[in-house]
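>>> coordinates only, sequence not included:
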């Protein structure tokens, strides 16, 4: 990479009227009413963080985009494990940072060089400085902390994303997954019946619940138009409520488990003992066990030749009934249903009458066709008439009725009228006529 | 068969036996005869005031052989020994405390006689799930811990079924309780002190905590009791400063004082030394 072609780094210019020195440690006296900052306990305590300032300053840049690029470039360079990175087209930098286009790549490298994280030697190219490796260590540490169940950085992340106008969806999803994991941990702790595990979980839950007000406040700041983020925020609200409920159950379980143990001599508790033992390795515990173990005598197997021989003889002489041979034979053939559908005589009669009408070609009044036999048969005939001539009627009796070329024509609005001399007293007037006979 | 021979045979066959099933052992002459016969074959009778069982152990003459290792003799590997220590702390220590204090967890309204009987019958238990959750990083996963528990049950160190683990006869009879109590108290105390020494604790408090541990160690080395002068010589700390630390230990229950002024002596409380 040709250094002369590098674009200017994105460092903010020192345009403030305040000088750099005045804004440093010594300048603090202006803000403490002239009191030297070394004498202020709170300020003296953070003096050791001074080396972090250039690190954070160089890392943050002027936008989240610059922050992401610089952190990723630094991690990629260190993880590539190369002693030096040659510049120019097709050089090491192009190879390792292939995913970054120019001029962003050159700008990022330049910023890292200006921060003292990279060094440039015309003969060797870019090399990572000690400060650069330290920066990498700090980034790794932050990665690890964020991957652990620390909730506070996520809360701050959501707030930051909202403040700079980004969608906080991913931060919220991360927060939700941590709360879900905590909920699962609570369930597991309740099932463990272990005072140590219960107390540890309660402690973790307590930390989360102390943050709940801050979490709820930051959730309320999610904008209405960020629909997905609002949905996740609602779920987090619900999770927090459930965790509040779980807290009471957890403390109840701790009390219950604690009641099962006595306060041991000298004021020690079983929980303290278990915690101390948990901190030991197998080797340390085994060494104590080996020292404390007395030579107990394991009962020897009391088997004699005679007893074995007697048991064997008994086994050999045991009467065993002959097994009855199984007689295999073909089973009886299963009864089969008749192929033909049995049609009641009443229906056969109706089918014959309808077939006669179809053949005769003349319409027949319903009052003549429907009444037959008794009232039951007449009602059956009337009800089956609706299938007559309906081609969709299917198979069997319905199919046979539907296949007949007949139409049923009721008269009027279908209201039944009295009929005389028949098993039925009233019937809808109308006719059954061969199809096509209008 | 005489009673002593019957008891010896029972113990040899079973390894350990319920004390109430051997009432004749309470007769001094029978007990003496049993011990004598066992001694003749390199064994000793194993009893404990905290146990309802009697068992047998190899005699100190036999185990004094440098080649002898009790753990190897029983086929116990490191993880089984580690689990033995953990379960001793969780089960035997509780039972011993109940027997000493005549108290039971959650029961304090019984009459004295009932309390004694109840304390004697108290059987602390621990669930396998609790062990897994607490000691998975140390002992391995659930199946590993379960197989160790099975091994210790076969050897009579543990009893109970399935998830519920109780102490077996050998957990009391085949473990040197005084050594275990000493270890546990030292470890717990060290841990408590470590917690107090975390950054942020005032320097004086840290120094006092260190002195407490030193004092307890000195007293343990001297058989659990020491006079102020002895403690001052051993620690190189002035009596004025020691008195303050000893008062704190006394209030915490680690130390008991007897006598006044120049005849005052400090003793480690029960279980130590």
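Yep, that arrived. Everything numeric here is computed off the predicted structure, so don't read it as measured data.
>>> Okay, now the unreliable bits of the chain?
Reading this off chain A. A:1-22, A:87-90, A:144-150, A:153, A:258-267, A:301-302, A:337-341, A:392-394, A:437-438 (pLDDT under 70).
>>> hmm, I had chain B in mind actually
B:1, B:103-116, B:193-210, B:252, B:261, B:270-273.
>>> Domain ranges for the chain, per the record?
By default, I'm working from chain A. Here the domain parsing of chain A from automatic domain parsing is A:3-147, A:152-258, A:345-434.
>>> meant chain B actually
B:3-63, B:71-175, B:178-268.
>>> Tell me if stretch A:173-190 is near chain B.
Yes. Applying Cβ under 8 Å from any Cβ of the partner chain, one finds stretch A:173-190 in contact with chain B at A:188, A:189. No exception for glycine: its C-beta is placed from N, CA and C like everyone else's.
>>> Could you check that stretch and say which residues are buried?
A:173, A:174, A:175, A:176, A:178, A:179, A:182, A:185, A:186, A:189, A:190 (16 or more other Cβ atoms under 10 Å in any protein chain shown).
>>> Sticking with the last one, tell me its helix or strand.
Which is residue A:190. Per DSSP states H and E, residue A:190 falls inside helix A:169-192.
>>> Which elements pack onto that helix?
Contact analysis of helix A:169-192 by 3 or more Cβ pairs under 8 Å, 6 or more residues apart in numbering or on different chains; DSSP states H and E lists helix A:152-163, helix A:195-210, helix A:227-258, helix B:128-139 as its packing neighbours.
>>> Not counting its own residues, what contacts it?
Contacts to helix A:169-192, defined as Cβ atoms under 8 Å, 6 or more residues apart in numbering or on different chains, come from residues A:149, A:151, A:154-155, A:157-158, A:161, A:197-198, A:200-201, A:204-205, A:208, A:215, A:219, A:222, A:226, A:228-229, A:232-233, A:235-236, A:239-240, A:242-243, A:246, A:249-250, A:253, B:127, B:129-130, B:132-134.
>>> For residue 125, grab phi and psi.
Here I'm looking at chain A. The phi and psi values for residue A:125, taken as degrees, to the nearest 10, are phi 100, psi -150.
>>> meant chain B, my bad for not saying
Per degrees, to the nearest 10, the backbone of residue B:125 is at phi -140, psi 160.
>>> What ranges does the stretch 1-150 of chain B have for its strands?
With DSSP state E, counting those that start in this stretch, the ranges of strands along the stretch 1-150 of chain B come out as B:16-18, B:43-46, B:53-58, B:125-127.
>>> now stretch B:250-266, how far from the centre of its chain.
Centroid separation for stretch B:250-266 versus its chain: 24 Å, with Cα atoms, centre = their mean, to the nearest Å.
>>> Likewise for stretch B:174-182?
4 Å.
>>> Spatially central, which residue of chain B would that be?
Most central in chain B under Cα atoms, centre = their mean is residue B:177, positioned 2.9 Å from the mean C-alpha point.
>>> That residue and residue A:126: what is the separation?
Here the criterion is Cβ to Cβ, to the nearest Å. By it, residue B:177 lies 66 Å from residue A:126.
>>> how near is residue B:73 to chain A?
Using Cβ to the nearest Cβ, to the nearest Å, one gets 6 Å for the distance from residue B:73 to chain A.
>>> Pretty sure that residue sits against residue A:295.
Yes. Between residue B:73 and residue A:295 there is a contact under Cβ atoms under 8 Å: 6.5 Å.
>>> Pick out whichever of these two has more residues nearby.
With neighbours defined as other Cβ atoms under 10 Å in any protein chain shown, residue B:73 and residue A:295 compare such that residue A:295 has more, 22 against 15.
>>> Skipping adjacent residues, who's closest to that one in space?
Leaving aside its sequence neighbours, residue A:295 sits nearest to residue B:58 (Cβ to Cβ, 6 or more residues apart in numbering or on different chains; 3.8 Å).
>>> what's the closest of the buried residues of stretch A:173-190 to chain B?
Nearest to chain B out of the buried residues of stretch A:173-190 is residue A:189 (Cβ to the nearest Cβ; 7.5 Å).
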